[in-house]
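> This is the structure alone, sequence omitted:
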């Protein structure tokens, strides 16, 4: 009986681990794709426009739908890339910026913070106004990848890259 | 597509089932070898097999209840999310091959992940009376202050306890307010009122319903901060957000001796002006304006009844050029007619201009304004100029700052003669003890007309919670 229980627990843990196993990409660099809901008519943004969106200077898409920002949790390499390379801030500065924006009313809603890449995909799939970011290896058909400065994540010269081992 | 979308949770469930069967098989074999058909183990096995059947039936039921994998969640109160009618293809057509080659096989969506409720359910949540719609953020400060002003005593003071409350009523509507608990008497145009020096009172400082149609049009109604200059709409009632221990005296609140109509009850339209990289914004406000009857025994902001039919209005424009991040320049024109009870009506015009540069490491705030009071029964016009400049730079957790401010009210100014001339520097140091707590130490010297200058020291802890 004890053996059965142990076996079941081990299998359950193995299955759960497989659901969201961390990638073994120590020290590697990977392109970070900016993704939106597939119904979003936007195909391309400049880096300046992306900055305006992630700093909530722009709150609506051209079709007047409200922009919903999707962020990974603080400390995640993907988030560091956005906070540093797109927003030009560190984590505390971004936090103060968002709080200040909410306080003045210029930021309509706080960014949605999700723990996993699959959560980001699922959220963006479900929310027409959502925008977020994924490693290119996490991208699937459920979301739409935007060109940034007319470049796709796989194009040479694409600026947004996740550095797994380096912090900002 | 549905076949492809075979969720990882299902894989996990199948895995579990296979493991369970294998475990059960192993256990059963062992049991047979060990005790050759122990009745107790057989009963256990029977029970477990029955339980597996029940669980399998339950899994099937749940799967049949579920919508197709990956389909958007819908409720009776939500509109269906937009979904392309065609099957999903590669993310961007023109370069699809490249991206598809770089990306692994599509990762199906997992239904087993515990994600927070999706916004598609937001309406249902809003209608759920068991859940609160309010988000509350608090700000507060505690100060220790002493100065050389005659009659003042060195004191610990509780600053404003500011509860910033917001609620997303719908995608387009939002409510926001600031409820402030503050101690001490009100001082309005030099007239002190209130129940006593140490009595706390509650003020609803902001009370706004906001409709945001797009980036170019936002309509707000209620009580808010007048868009005169920059400071008034940037920091509101939070001391923690400000670098310094207090507001410039140009922007002091009405009940703390301030000379501007800081609050206004009315309506505001604001938004972006299509201007490309220039980043132009506009603000147009209309409201009751400031209480103008004397003596000022009550609330200076006309929350319920305006003392006249004429309405105050304010027009503002500012630019945030894309090429210079952190820069904002703008101006505003405010117009009202004051109706003191014991004097003729007075035309009030306030012109303000600002240029601020705020970046992560440093800030530079500059504002100037001119208040023009023109009594209707006189040819004399009174001009009150004022300005302040403030610079600070961040060094790690420390941010030293300096500010110089100036305001010069004419001697016979009919509305606030008590303010007179005052100007002087402030030097201070802000230390961010944590991401939510800031310690500030500030020295002020204020020159006053016909009086001795005042030295003041303030130690303050400001926080958000």
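Happy to help now that I have it. The model shown is predicted, which means the values in this text are computed figures rather than measured ones.
> How about the residue in the stretch 301-450 of chain B that chain A sits nearest to: what's its closest non-neighbour residue?
Nearest to chain A, among the residues of the stretch 301-450 of chain B, is residue B:360, at 4.7 Å (C-beta to the nearest C-beta). C-betas here are computed from N, CA, C, even on glycine. Beyond its immediate neighbours in the sequence, the residue positioned closest to residue B:360 (C-beta to C-beta, 6 or more residues apart in numbering or on different chains) is residue A:93, lying 4.7 Å away.
> for the one you found, phi and psi?
As for residue A:93, its main-chain torsions (degrees, to the nearest 10) stand at phi -70, psi -40.
> do the one 4 residues further on as well
Here is the backbone geometry of residue A:97 (degrees, to the nearest 10): phi -60, psi -50.
> Provide a list of residues in contact with residue B:447.
Contacts of residue B:447 were listed using C-beta atoms under 8 Å, 6 or more residues apart in numbering or on different chains, and they are B:421-424, B:453.
> Can I get those residues in JSON lines including secondary structure and neighbour count?
JSON lines is the format used below for the contacts of residue B:447 (DSSP: H, G, I helix; E, B strand; the rest coil; neighbours: other C-beta atoms under 10 Å in any protein chain shown):
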{"residue": "B:421", "secondary structure": "strand", "neighbour count": "16"}
{"residue": "B:422", "secondary structure": "strand", "neighbour count": "19"}
{"residue": "B:423", "secondary structure": "strand", "neighbour count": "19"}
{"residue": "B:424", "secondary structure": "strand", "neighbour count": "18"}
{"residue": "B:453", "secondary structure": "coil", "neighbour count": "13"}
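> Quick check: of those, which lies closest to residue B:252?
Looking at these and their distance to residue B:252, the nearest is residue B:422, at 11.2 Å (C-beta to C-beta).
> So the residue of the stretch 301-450 of chain B closest to chain A belongs to a strand, correct?
No: when DSSP: H, G, I helix; E, B strand; the rest coil is applied, residue B:360 is found to be coil, with no strand at that position.
> where in chain A is pLDDT low?
When residues are selected by pLDDT under 70, those of chain A lie in A:1-27, A:165-168.
> what about the helices in it?
Across chain A, reading from the start of the chain, the helices by DSSP state H fall at A:2-19, A:47-54, A:77-81, A:91-104, A:117-126.
> Quick check: residue B:439 touching residue B:399?
No: at 10.8 Å, residue B:439 does not count as touching residue B:399 under the criterion of C-beta atoms under 8 Å.
> Give the residues shared as contacts by these two.
Common neighbours of residue B:439 and residue B:399, counting by C-beta under 8 Å, 6+ apart, are B:430-431.
> who has more neighbours, the two?
Comparing residue B:439 with residue B:399 by other C-beta atoms under 10 Å in any protein chain shown, the one with more neighbours is residue B:399, at 20 against 16.
> quick one, phi psi at the residue of the stretch 301-450 of chain B closest to chain A?
The main-chain torsion angles of residue B:360 are listed as degrees, to the nearest 10 and equal phi -60, psi -40.
> Can you name the residues of the stretch 201-350 of chain B sitting close to chain A?
For the stretch 201-350 of chain B, the contact set with chain A under C-beta under 8 Å from any C-beta of the partner chain comprises B:208, B:210, B:212-215, B:220, B:233-234, B:236, B:238, B:241, B:277, B:279, B:320, B:322, B:325.
> Can you tell me the closest non-neighbouring residue to the residue sitting nearest the centre point of chain B?
Taking C-alpha atoms, centre = their mean as the criterion, residue B:164 is the residue nearest the geometric centre of chain B, at 7.3 Å. Spatially, and ignoring its direct neighbours in sequence, residue B:164 is nearest to residue B:137 (4.5 Å; C-beta to C-beta, 6+ apart).
> can you check residue B:183 too?
residue B:200 (4.9 Å).
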